[in-house]
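# take a look and give me a structure for this.
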Amino acid sequence: MRGARLDHGAVKRVRRRWGVPALGVGLVHADGGFESLVVGDRRRGSSDLAKPDDPWHIGSCAKSMTAAVYARLVERGDAAWGASLAELFSDLAPRVDSAWAGVTIDELFRHRAGFPANLDEAAFLAALADSRPLEIQRTEAVARVLAAPPQALGRFRYSNLGYIAAGAAIERILGVPFERAMVEVLLEPLGITSHGFGPPVGLWGHRGRFTLAGTGLGRGVALDPNDPTSDNPLIMAPAGCLHLTMADWSRFVRLFLVGGGVPALLSTDSVDRLLFAGEHAGAPQGMGWAPAQALDGVSFGQQGSNTAWVATALLDGERRRAAMVLVNDGRTTMLRRTAIYAADLLRGEPVGN
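I've put the predicted structure just below:
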């Protein structure tokens, strides 16, 4: 049963109340149905209306796609769960510290591999200007981490740098850049054609006007997608630099609905592995998805932001429907608001918070 349909007037009211340039909402059904609404402007202060087929930046929601690429490689026999990082990065020996010998790709995807959270500031700024092949940049970033012992191995630490390493591992397995691997292994088989890496050129992102203790506040101006600082450097693509339309994103999200998967694309075992945190009961994350039982009627969720966009996808308790809420506004408050609104949509309460 699909429940209430999206209400255009209600979505417009939420957009006005939040003060975001554009708001997109979608409901994904396991049987293949998808309904969506997009309201607002491509840029704050413009009269250029956002369109249903505009691509949106989904930030760290792309992490589950990176993990899904690896799962596809396992199913094809090209990779294995439980593979050690020392094995996957054998080309970096003998520079790899011996303490990495037993650390696995599974721990990397679940943010328990002892990786730092991010590139340090100097490396981040250098990456924005680095024109070398991304595979070389990723190799150097991983080599710097593996040269020292893991940090707090086994403890959860959300790590964008860990997903850069996962992308570098995929590059070694296939011998092609991560971006090509993502397209050929996952996106093309799903029929996704609107994808790109970096900021989209239609809808522009907006950061908060100022930052206080890491929190983006205030309604900021639009960020020109031609400005390299409008997104994270592309070395971070495995951690989240992807944009695509809402309809195309729904093709991926549907894989995690019961009965909604594309035949032979991901097995039930792979889907369960990506969703659940394995032996870590009560862990904050699986492989790109997190338990979301704190929201009534929700089982799993994911959120992404590059500080100029926010994207949220939630699965209902029975994993028969999913709700997606996206804004081209990276204020920190949008993370909570989009999550509550997505949960409202799954309960058939379209007015939102």
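
# which parts of the stretch 101-250 of the chain are helices?
105-109, 121-129, 134-146, 160-174, 178-182, 237-240, 246-253 (DSSP state H, counting those that start in this stretch).

# mind checking which of these is nearest Ala83?
Nearest of the helices of the stretch 101-250 of the chain to Ala83, taken as C-beta to C-beta: helix 105-109 at 5.1 Å. Just so you know, the C-beta spots here come from the backbone N, C-alpha and C atoms, and that holds for glycine as well.

# which neighbouring elements make contact with the closest one?
helix 63-76, helix 85-88, helix 160-174 (3 or more C-beta pairs under 8 Å, 6 or more residues apart in numbering; DSSP states H and E).

# just the helices of the stretch 101-250 of the chain: most buried one?
By mean neighbour count, with neighbours taken as mean count of other C-beta atoms under 10 Å, helix 237-240 ranks first of the helices of the stretch 101-250 of the chain at a mean of 26.

# pull that helix out as PDB, backbone CA atoms only.
Output of helix 237-240 as PDB, limited to C-alpha atoms (Å, rounded to 0.1, in the frame of the first residue of the first chain):
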ATOM      1  CA  ALA A 237      34.900  11.000  -4.900                       C
ATOM      2  CA  PRO A 238      34.700   7.500  -3.200                       C
ATOM      3  CA  ALA A 239      33.600   9.400   0.000                       C
ATOM      4  CA  GLY A 240      31.000  11.600  -1.700                       C
END
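
# can you start the count at 27 instead of 1 from here on
In the new count, where the first residue is 27, that last one comes out as helix 263-266.

# pull the residues that contact it.
84-89, 92, 160, 164, 186-187, 189-190, 192-194, 196, 204-205, 208, 223, 258, 330, 332 (C-beta atoms under 8 Å, 6 or more residues apart in numbering).

# so Gly327 makes contact with Leu321?
Yes: applying C-beta atoms under 8 Å, one finds Gly327 in contact with Leu321, separated by 7.3 Å.

# name the residue in the two with the higher neighbour count.
Gly327 (22 against 17; other C-beta atoms under 10 Å).

# nearest residue to the more buried one other than its sequence neighbours?
Ala318 (3.8 Å; C-beta to C-beta, 6 or more residues apart in numbering).

# output the below-cut-off pLDDT ranges for the stretch 27-176 of the chain.
27-30 (pLDDT under 70).

# re the thing from before, for Arg373, which of the helices and strands packed on helix 131-135 is the nearest?
Closest of the helices and strands packed on helix 131-135 to Arg373 is helix 89-102, at 23.3 Å (criterion: C-beta to C-beta).

# buried stuff in the closest one?
Across helix 89-102, burial judged by 16 or more other C-beta atoms under 10 Å covers 89-100.

# can you tell me the centre-most residue of the chain?
By C-alpha atoms, centre = their mean, the chain has its centre lying nearest to Cys87, at 1.6 Å.

# contacts only, for the residue nearest to that residue when sequence neighbours are not counted.
Distances taken as C-beta to C-beta, 6+ apart put Gly330 closest to Cys87, at 3.8 Å, once the chain neighbours are dropped. By C-beta under 8 Å, 6+ apart, Gly330 lies in contact with 83-89, 266, 336-337.

# which of those sit farthest apart?
Farthest-apart pair in the contacts of Gly330 is Lys89 and Val336; separation 15.0 Å (C-beta to C-beta).

# and the residue lying farthest from the centre of the chain, which of the three is it?
Most distant from the centre of the chain: Pro120, at 32.9 Å, with distances by C-alpha atoms, centre = their mean. With DSSP: H, G, I helix; E, B strand; the rest coil as the basis, Pro120 sits in coil.

# contact partners for Val129?
If a contact means C-beta under 8 Å, 6+ apart, then Val129 has 110-112, 139-140, 176, 179 as its contacts.

# does Gly52 lie in a helix or a strand, and which?
strand 48-55 (DSSP states H and E).

# which strands or helices does that strand pack on?
Packing partners of strand 48-55 (3+ C-beta pairs under 8 Å, 6+ apart): helix 34-44, strand 60-66, helix 272-279, strand 347-353, helix 359-372.

# in CSV, list the C-alpha atoms belonging to it.
Once non-C-alpha atoms are left out, strand 48-55 reads as follows in CSV (Å, rounded to 0.1, in the frame of the first residue of the first chain):
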residue,chain,number,x,y,z
ALA,A,48,15.2,24.6,-3.7
LEU,A,49,13.7,21.5,-2.0
GLY,A,50,13.2,18.1,-3.6
VAL,A,51,11.2,15.3,-2.1
GLY,A,52,10.6,11.8,-3.4
LEU,A,53,8.9,8.5,-2.4
VAL,A,54,10.4,5.3,-3.7
HIS,A,55,8.3,2.1,-3.7
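
# partners of it in the sheet?
Sheet pairing of strand 48-55 (DSSP bridges) gives strand 60-66 (antiparallel), strand 347-353 (antiparallel).

# what residues sit buried inside the first one?
Within strand 60-66, the residues that count as buried by 16+ other C-beta under 10 Å are 60, 62-66.

# wait, Ala155 sits on Pro254?
Yes: contact criterion C-beta under 8 Å: Ala155 and Pro254 qualify, at 7.5 Å.

# beta partners of the residue nearest to Cys87?
Bridge pairing for Gly330 - DSSP bridges - gives Ala337.
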